[in-house]
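Undergrad: Prediction below, plus the sequence it came from.
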Amino acid sequence: MIENLHGSSPVSSCIKLSMATEAGKESEFTPEAPWISVNPAGLWEVQRRWAEERKKGDDTPLMGSVCKIRVSLKNHTEQNTQTQNLNEPEPAVSDDSDIPVTQHPRSQDSLLQVPLDRWILLRMGEGQCDLVESCLEGMRAGESCEFTVRAYRGDSKLVSSDGTQSEKTEEEGQCFSLHLLSFTPGQESWQMTPAEKWAWVQSHKQRGSQRFGKGDIWGAAQSYCCAVKLIITLKGHTREKEEDQKKVDRGEDPDKESDLTTQDSKRQEDGEKEAKAIPTEVEYRTMKTELHSNLSLCQLKLGQLAKARASSTKATALDPMSIKAWYRLGQACLQLGDFGEARQAFSKVLQLQPDSASARTALKQVDAKAKELDSKLGQRLSKMFS
């Protein structure tokens, strides 16, 4: 979902600027065009090339697929790695959707968020390592590829978890090899039922909150972006809409309550159990509001002020009573120098929560900065006409 962090809309989990064609053997080993991916330290440029001739077939890892993979630093103890892996027990992969994946702590000190030189299980869509997941897209079982990771030049300045900016070191990049042994079936988002999408949305939001609490702001923003991408597709598929559509499919009037037979009653009970996994209209709007509001907070901490204003504006439009959304909108506008809109946002916070000390303090900051700006403009004008 990096597009929402560095672009205009949350459309995908990573920005693939373009993909090289796979037609013809001459292009098999040609590096693909680079794309932008993310880890806890920020944005990175990733470029993939195939290490061997491509295998045939249409099956590739999809969302929810559990992949058995091995990642190694290119030319780094390759001989020793091969010897060690001969005696290492490989994790088993079955079609069970509850397969426990390999646990590995995310860290700003690590370029990849997976252990190297060993077989691991990684579930697509969970965002454990966006760099690796983006390279797994389009791969087939038994294939290997190489990928190079470089500091993204358009993101030379990063904002750390403590709010300070630091320069990203320029480097040639590191090259890794990725081997995909096998994977379980997954789904494209359009193949999912509303209940399955809602479960993923809740999972992404929970993961985003956990990452934010650990100071992984980039990871949190990525999780919220993934959730936003999916929840957009749930529009018109809330519990009320789905129940009405089922009545229409049965030739019934959705606005008319009919007498239920024993069979109808049983069918209704089954439908109610299924419907509990689908959000109501209120739950849908509440979740969407919280996602945009939480994303705006991440963007504020990452210094993406225009994006933060856009996200918080969407949140206030969805729920005009959201105090957090109004406050974050005010913060974004204040830092952007839009003092009029900042004053309106903080005043809205006071309207909803009259005893908010933070909003009163923020309004004083707005007045002080606006007065300071007027003073500087006055000095410049006086110099121009003196």
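TA: Okay, I see it. Numbering: from 1, shown residues only.
Undergrad: Next, the contact list for the closest residue in space to Ala195 that isn't next to it in sequence, please.
TA: Excluding its sequence neighbours, the residue lying closest to Ala195 (C-beta to C-beta, 6 or more residues apart in numbering) is Ala277, at 3.7 Å. To be clear about C-beta, it is placed using only N, CA and C from the backbone, and glycine gets the same treatment. Neighbour list for Ala277: Ala195, Trp198, Ala199 [criterion: C-beta atoms under 8 Å, 6 or more residues apart in numbering].
Undergrad: Distance of Ala277 relative to Gln187?
TA: Going from Ala277 to Gln187 by C-beta to C-beta, to the nearest Å gives 16 Å.
Undergrad: now swap in Glu283 and tell me
TA: Counting by C-beta to C-beta - Glu283 and Gln187 are separated by 22 Å.
Undergrad: Those two - which one has more neighbours?
TA: Gln187 (17 against 13; other C-beta atoms under 10 Å).
Undergrad: what pLDDT does that one get?
TA: For Gln187, the model assigns a pLDDT of 95.
Undergrad: Next, the contact list for it, please.
TA: Leu62, Met63, Gly64, Glu196 are the contacts of Gln187 under C-beta under 8 Å, 6+ apart.
Undergrad: The first one: neighbour count?
TA: Taking other C-beta under 10 Å as the neighbour definition, Leu62 ends up with a count of 17.
Undergrad: check contacts around the nearest residue to it once chain neighbours are set aside.
TA: Setting aside the residues directly before and after it, Leu62 is nearest to Gly186 in space (C-beta to C-beta, 6+ apart), at 3.1 Å. Taking C-beta under 8 Å, 6+ apart as the contact definition, Gly186 lies against Pro61, Leu62, Met63, Gly64, Ser65, Met124, Gly125.
Undergrad: Also Pro61?
TA: Cys67, Met124, Leu136, Glu137, Met139, Leu180, Phe183, Gly186.
Undergrad: Check the fourth one and give its pLDDT.
TA: The pLDDT attached to Glu137 in the predicted structure is 96.
Undergrad: Roughly how far does it sit from Leu178?
TA: 11 Å.
Undergrad: Looking at these two, which is more packed in?
TA: Leu178 (23 against 17).
Undergrad: distance between the helix or strand hosting the more buried one and the chain's centre?
TA: Per DSSP states H and E: Leu178 is located in strand 174-183. With C-alpha atoms, centre = their mean, to the nearest Å as the basis, strand 174-183 stands 22 Å off its chain's centre.
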